[in-house]
Every structure is written in C-alpha cells, then in structure tokens.
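Student: pasting the sequence and the predicted coordinates here, then a few questions.
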Amino acid sequence: MSTDQDTAQQDARREDRLWRRWVFAAIGSFVLASLLLGTVVLPLRANPQLDPWSAICTALGISSTSAPRGSFKRGAVASDVIWNATTRLAISKGDPVRGYAIVKDNCSACHGDKGISTDPQQFPNLAGQPEAAIFKQLKDFKSGSRASDIMGPVAQALTDQQIEDVSAYFSAQTPFAETGTSVSPGAFELVHLGNPSIALPPCVACHNSVGGGPEGAPTLTGQSAWYLEDQLKKFASGERHNDKFARMRVIAKDLTAEQMHELAQHYGGTSPP
Amino acid sequence: MVAAAAVGIMIAVFVATSFAMAIHPPSHVETINPATLSVGGEFVEKNLGTQVNPDGSVTVRVIATQFQFVPRCIAVPGGRPVTFRVTSPDVIHGFIISGTNANTMVVPGYVAQVRTVFNSPGDHIMPCHEYCGLGHSEMWALVKVFDSAHWKPDAEGRVSCEIPR
Amino acid sequence: MRYRAEKLVVAHMVVAFLSLGIAAVLGAWQMTVRSGLNPPFASPETYFASVTAHGTIMAYVMPTLFAMGFGYFAAVTSLARPLPSMRLAWAGFWLAAIGIVVAVAPIASGKASVLYTFYPPLIGHFFYYLGVLLIVVGSWAWVALMIWAMAQWKRENPGEPVPLVMFATVANAYLWLWTTLGVGVEVIFQLIPSSLGWTQTIDVGLARTLFAWTLHPIVYFWLLPAYIALYTIAPRVAGGRLYSDMMARISFVLLILFSLPVGMHHLFMDPEHGTTFKFLQAMLTGIVVLPTLLTVFTISASMEIAGRLRGGKGLFGWIAALPWDRPMVLASGLSFFLLGFGGFGGVVNMAYGMNAMVHNTSWVTAHFHLIFGGSVVIMYYAIAYEIWPVLLGRQHFDSRLLRAQLWLWAVGVVITTFPWHILGLLGQPRRVATFDYTNPAIADWQPWTIVSTIGGFMMLAAALLFLWNLASLHFAPKVQNLQMNYAVAVYPPRRLPNALNGFGLWNAVTAFMMLVAFGYPIAQFYLMDVHPALTHRVDIGN
C-alpha cells in the first residue's frame, strides 16, 4: 500500500538523517579537537618564548622563526656555476654547428678536431663528454675558479653562448673508444663498489650515463689516463678546487697514489710511465 | 567497548606526552633556493660545520649532497643543546644520528632543523637514510661528541674534526 | 562456478602470484647483498634496480591484481549474477598486464632505479611511470565494475541487505579510488612531464605530499581482502558463524574513513610541513587502530562460536577445539598472531616521538614486511587455497602441503622481520646495499642481518611452495558444481540502514576529511615561496 511505502520511506529518510548527523558530529568534533590541540594548545606549550600568534603560525609552517642570520663567513666559492632550470635550458640550446666554427680555430690544436686529444699527456679528450661537464669547466676557467695559464685566456675570450655551443659540439662527437686495459681488481672494486669503510662512494655513482647523479659530472671512460691521474692529484692537494662542496677534493684525499694510478689506468687505457 | 577504551588510552597518552614534554617532530618549514646554496648565503662551503654563536648556543650547518655530508666529521659539545640546520642542493637525503633521536629528512628547497642534546662523549655514525642515488650506501658522516675539557672552539667559534683513517 | 568469470579470475591470480614469486627471488638476493655475504651480480646498480622491481611488484602489481581477481570472484559468487561487463573487466586486465611489461623494461635496464616510492627529484624513464599508470587505470575498471555490480543488484533487490562480502569489496573499491588520486596526480602532472623533459624542475614537497596521500590507504587496500576473508570465509570454514554482521560493516566503513586522511604520518620527519597537520593526522592514525581491534574481537568471537560448537570447554578450550587442520583456519590464527606484533610496530611509528628513533631505519622495513607479509599475504595464500578448487573445478589439495607452506611462510616472516626490528633500533639505515661490517661501530649488525637473510630464504621457499601447490591442483580430479559459500551471521541482517548498505554518506565524510587533513598541506605549496628542485634523470644521466 502506498501509505505503508510512504511511511517506510519516511522512516528510512529519518534514519539516514540520524546517521548523517551523528557521524558528522562525532567525526567533526574529533577533528576539531585535534586541530585545536595541534594549532593552538600544543604549539603554545612547545614555544613559550613566542607570542600566541607566532606560535600558531609556526605550527602551520607559515613563518619560520629562529633562523639564525648574522654575518656569514664567506671566502672564495668553489664555482660560480648555478645548476638551475635556466642554466640547463641554455646548455640544451647550444648549437654544435656554431660550436664547430669556434672549435676549429681555438680548440682543435690541443683537443683535436673531433675532441680526441692531440697529446693525451697534456690535454684531455672532450669527445662525448656531457654538455654540462664541458660547460662547467669552461665557465670555471673563465671566472678563474679553475686556474689554468692556457685555458684561462681561452675561456675568457668566449661568451656564454659560445661556451654553450662549444659544449654542444664536443658532446656530440664520438668518444675515444679504447678504454682501460688493466683489470686491477682494486680499481674495479673502487669504480663499481666504492669503499664503504671510508664512506667512499663508487665512481659510477656519479660518473655514469644512468643513475641520476650530480649535474656536470664528466665521463671518465675513454679519458686520457695522464690527465685523470693528474687531476686526482690536483684535487687531493687542493690545487684544483672548483668542485662544489669539495666533494672531489675529499674523495681524492682518501685515495692513495697507487689507487689513483690504477684508477687512471682502468679508465684511460694508455698508461703514464 | 574494550577496543574503544584501548584506542582512547593510546591517544590520551600520545596527547599527554605531546603536551607535557613538548614533543613534536622536526617541522621547521623554511624554504631556501637549492641552486644557489654554494654561491651565497648561510650554506656556502666556508660557513658549514659547527659554530658556537656569541650567545653560547651551538649551530651545526650541514649540506647533504650526492654522496657526502659536508662536513663529514661533525664536532659537537656534550650536555648542551645543539641545533642542526641541514639542506640539500640536489635530491632528497635524510639522516639519523645513531643512538639519538636526531632524525630528519633533508628535502631540497627546505632547511631542516633539528635540536638535540648529546648526553655523553663519544662517536656516533650518521648515515644517510633516504635513498639518494647509487652512492647512497656509502654516504655517512661521523658525529664526535666532546666533553667540556676537550671542547675548544677557535677564534671565530668554529670547531672541526677529522675522520680517523 | 557459473557466469564464466573463472578465466578472468584465474588470469588475475596467475599474474599476481607469478610476479610474487619473481619478487621473492629478488628479495632474498637483496638480503644476501646486505648481509655482507657477497652474492654474484652485486653492485649498487643491480641492487637498487632490484629494490625498485621488488617494491613495484609487491606494492603495485601483486596486491592490485589479487584484489581485482578476488573482487570479481566475490561479486559473481555472492550476488549470483554475471559481471555487468566482461569486456570492461578484460580490458582492465590487459591494460594492467601491458602496464606491467612496460614498467618492468626500464627497471631491468637500470633506467628507473627510483624505488617504488619514486623519490623525486630523481626521475626514472617515462615508460616506468606510464606502466604504473596503466596498472592503476586498469584497476579503475575493476572499481567501476564493483560499484556497478552492487548498484545493479540493489536495484533488483530493493531494501535487501547487500551480502557482506560484496559490501566489503565495494568498500575496498571506493577506498582504492580515493587512494589512487594522490599518486595519480603526482605521476600525471609532475613525474611524467619531468620524465619527458617538459619540465626541468619539480616541487619536491608537493610531490612527497601527494605520494603520502596514497601511501597509507594503499596498505589498507592490500589489507581489506584479508579482512574480507576473515569475516566472510574463515568463520564458515571453522564451522561457526560470524558474530556480528553489523560490526563487520562498521569496521569496513571505519577502515575507509580513517585510513585515508593519515598519510602524513609518512612525513613526520619532513621539513615541509608544520606540526599542526602532523598532529591531526597522527590523531586520526590512532583511530584507525579501532576497526582492527573490532575485527580482532569479532573474528575471535566468531571462532569461539565454532570452537564451542565443536565441544571446546572452559575459558580457552575452544581455541584447541578449532579445526586447525583447515588451511583457512590455520592462516587466520597465524595472521592474528603476527598482526599483534605488526600492529604494535605501527603504533610506535604513529607516535612521532618514538618515530624519531626509528624513522628510515630497518625498523620501518621490518614493520611493513611483518604486517604485509605476515598478516596479509598469508591470508592471500589461504584465500587462493579456498577458491582455487572452485575456479578450476578440481579437488583435492594435499592439505598437509598447504599447511606446511603456511607454517614455513609464517616462521620465515618471524625470522626475517624480528631481527630487522632490532637492527632498526640499533640505527641501521634503510635502502643501503653494502655495509662495512669491519667497522666496530656497526659490526654487531651483521649477525642479525644474516639471521634475517635466513628468514628471507624461508619466505622464498614458502612462496615457491605456494606456486607449486596451486599448480598441483591442475592434476587433481575434476569435480562438478563446486560452490563458494560464505559465512552466515549469528543474526543475519534483514534490514539495514542505508548507511550500512551503501557508501553515499561515507564518500561525503571522506571528502570532508581529506579536505581538512590535506587541503591546507597541499595548498600551502601554492601559497609559500617554494623553490622547486632540478630534476635528476636516472635514465639519461646528467
């Protein structure tokens, strides 16, 4: 009968209303109580030195308090290069064709027309290096963060756009194929496993084509062994100091001379005397 | 009923201790530009490490980066509050100072701040405990706690140490 | 089984369990690496690729496919009708299957070692995120079908109580829908554009918060099928009745409501959130213990009924009288035992004062392996053993082998995870491939890690034995007309309020709670002066 159905429906609706009210009341009051505790009561208790408004804002994360300011010790910074979106996009817009025009007159005498060094005992290979790596070193030569009697003036003569183009050119070249022939187990372990006992990460953690390591880490495979060993020594002594946060300096200091030699051979192929 | 009571007790304890002991998780919401950390501001290389401030408080500034903590050896005094301020220029890291409740995530773009007191002298390892890339396993620092006899800040209030080799 | 859904369910289960087997092999290998035992192929590249694969399979592939398959089974058998659309169901399955293949390829080549928690600004290969997205979209087909099936049934049976197993399955479906919103937004709007090189920076705080939205309720999505079995299958197998149908429904509702707005407890130690919302979500996390305690009570009461019906006397005599030789009963007992410990660990994590001692140490890994592996997956095994005969139309299992497998798994979980808890308290960090155990500061970690590894191999053996058990039924004799029966309540409901027969009210409450719990925490990233971080592409290097 319709009236029975109506009553049943009314009952059902009343029941639904009751459920709604009680559920929202219960949950609402719990949530409100928690928010009150979390926004007002506990922050006030935890920060007695602040006025109530600041304590509440701190709890919400709106204003940061007690950020020590004052004079900071400065000194020279390792490198002026900033890795942000602007830099990355600028590097990616480098033009290899324009880059070659610069390379053939300014770079190829030492680094070769195709980025393979004309004298690996003095000059590094640049072919196939990541663009960001070449970019960073040229910028550091230009600013003096990395000191070099030869490269300093060369880099200073280049504009930022030209640096980006040169980086794009060398990066696109085929890397030096002949890699290390020595299979010193010590070097192999350092390269792939690092040394956990002295908190030394494996070389491949940063110097790798996959893995998400730091921006600007150069490729070591196929690099001149002389150059590699020389740079490791310079990092260890601090003579080279354009590595951000001194990471390579710390790592190089942890390597013995023999390990540096073995690593250079492992990566570079031809071995220095 | 019993279940509700059990949950009620649990929550009550949590609230009471949060109130009485003012326990709260590290939640210092302070933003910072990760790209410019090395070139200017509070976290340049020369400014990292332990600093005794003019008012006697101790601040330790650390950079967590792929794959080192900078500095790797952190000197702290025993028995006094020490405030760690840590940030990252690259990816997410995190650390726990073993044997203590100093534990925080380090998120690029934010300064993490943790305040703790070291009760007794000795060494604590401080591993990176958040996956940060292939070198995560080897990312450790050492925290050396000095008693007051051996605590010797230099003229600028800085204290450093070396990891023994 | 009628309604021709056998192939569909078997397809889901086979994919779920085969992938579990693969992930178990990877897990055991990973433990060997961490123990300093120098297994072959060990290096950071392989280790972290393995961790990514193990996590992706165990978190995204296996439980999702299992829940889908079990859900289809429950819908068809409890509602006694075919699914609203077999085409949609198969489309969902194939989408998920393709997604699995697409996601695994870059992981295997080391181009997606970002772990299943993704870790922006580390960005993996595009195919990895695409694959995971396809799996999720495929599962949404299942969600739609569950909701649709229940709606169809209610239309044709007005005023009737929806069978509990279907009500709970649809609860899980809604839970999953809400759950996937967080990671869905993160993947579609942040990670995929980064992986394609369309954006160079990523807001890490926002990404972590969106992921945290998903990270807690997803474990309840995994848990609910186990609870469904505890409520609707175990009492019947034990020979008893479900103590209270209404409490069961209330528990499932509470599980949805309080598993969603609590994800921030994974961000307690993060600097991008203030204490207010960490506190609120910690309080809400406390409440989510309630439905589990209710479940423990209701199921224990149901089992007590079964025990006493079988002649058990005295305060605890009913426990011994239970038919422990039945795998479902054995699994339920083992699951409860392990739930006690796993739940305790969870409560420790929720109290952020204690959380500070254990965050990101092995304690966390131990906790979720114990609760997921120990309490949940053991019920997945038991469910499979229950429904496999119905699906295949064959009987019988050698029940000794089934019980042996369940015991081996449970003991393996204990031996794996209990030392891990200790290691966490000793400060061992997570996700570390190699330790220098010659360092006196950590030398005492190695023995525990080795014990844990032994447990890991027991778990691997149990997983392989499970696969063997299922496969062996293919050679058993065929039987006609095997039915699936569900537990009957002591007082079967005749009429239920809409609130316990549908989800309109609960979705509204959930929306309110998510707004309160996550509204400001997410909005703050648009109000603050944030500095997004540069992406680190794992697939192309830098």
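Tutor: Perfect, thanks for sending it.

Student: ok and the residue in the stretch 1-150 of chain C nearest chain B?
Tutor: Going by Cβ to the nearest Cβ, chain B is nearest to C:Pro44 of the stretch 1-150 of chain C, at 4.2 Å. Yep, even glycine has a C-beta here, placed from its N, CA and C like the rest.

Student: how about the contacts made by that residue?
Tutor: By Cβ atoms under 8 Å, 6 or more residues apart in numbering or on different chains, C:Pro44 lies in contact with A:192-194, A:202, A:204-205, B:134-137, C:433-434.

Student: now these in JSON lines, with secondary structure, neighbour count and distance to C:Thr298?
Tutor: Shown next, in JSON lines, are the contacts of C:Pro44 (DSSP: H, G, I helix; E, B strand; the rest coil; neighbours: other Cβ atoms under 10 Å in any protein chain shown; distance: Cβ to Cβ, whole Å):
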{"residue": "A:His192", "secondary structure": "helix", "neighbour count": "17", "distance to C:Thr298": "54"}
{"residue": "A:Leu193", "secondary structure": "helix", "neighbour count": "22", "distance to C:Thr298": "52"}
{"residue": "A:Gly194", "secondary structure": "coil", "neighbour count": "26", "distance to C:Thr298": "53"}
{"residue": "A:Pro202", "secondary structure": "coil", "neighbour count": "26", "distance to C:Thr298": "53"}
{"residue": "A:Val204", "secondary structure": "helix", "neighbour count": "23", "distance to C:Thr298": "54"}
{"residue": "A:Ala205", "secondary structure": "helix", "neighbour count": "29", "distance to C:Thr298": "51"}
{"residue": "B:Leu134", "secondary structure": "coil", "neighbour count": "31", "distance to C:Thr298": "48"}
{"residue": "B:Gly135", "secondary structure": "coil", "neighbour count": "26", "distance to C:Thr298": "50"}
{"residue": "B:His136", "secondary structure": "helix", "neighbour count": "26", "distance to C:Thr298": "44"}
{"residue": "B:Ser137", "secondary structure": "helix", "neighbour count": "29", "distance to C:Thr298": "45"}
{"residue": "C:Ala433", "secondary structure": "coil", "neighbour count": "25", "distance to C:Thr298": "44"}
{"residue": "C:Thr434", "secondary structure": "coil", "neighbour count": "20", "distance to C:Thr298": "47"}
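
Student: closest to C:Glu186 out of those?
Tutor: Sorting the contacts of C:Pro44 by distance to C:Glu186 puts B:His136 at the head of the list, at 21.8 Å, by Cβ to Cβ.

Student: quick one: the closest one from A:Leu89, how far?
Tutor: Distance of B:His136 to A:Leu89, computed by Cβ to Cβ, to the nearest Å: 29 Å.

Student: for A:Ala132, same thing?
Tutor: Distance from A:Ala132 to A:Leu89, counting by Cβ to Cβ: 12 Å.

Student: with C:Thr169 instead?
Tutor: Look at C:Thr169 and A:Leu89: by Cβ to Cβ, they are 49 Å apart.

Student: more neighbours: these two, which one.
Tutor: Per other Cβ atoms under 10 Å in any protein chain shown, whichever of C:Thr169 and A:Leu89 has more neighbours is C:Thr169, with 28 against 10.

Student: okay, and the closest residue to C:Ile57 other than its chain neighbours sits in which element?
Tutor: Residue nearest to C:Ile57 in three dimensions, not counting chain neighbours: C:Ala23, with 4.0 Å by Cβ to Cβ, 6 or more residues apart in numbering or on different chains. Assigned by DSSP states H and E, C:Ala23 belongs to helix C:6-34.

Student: likewise C:Ile218?
Tutor: Counting by DSSP H and E, the element that carries C:Ile218 is helix C:217-232.

Student: that helix packs against which elements?
Tutor: If you count contacts as 3 or more Cβ pairs under 8 Å, 6 or more residues apart in numbering or on different chains; DSSP states H and E, helix C:217-232 packs onto helix C:62-79, helix C:164-185, helix C:245-259, helix C:289-309, helix C:327-350, helix C:378-392.
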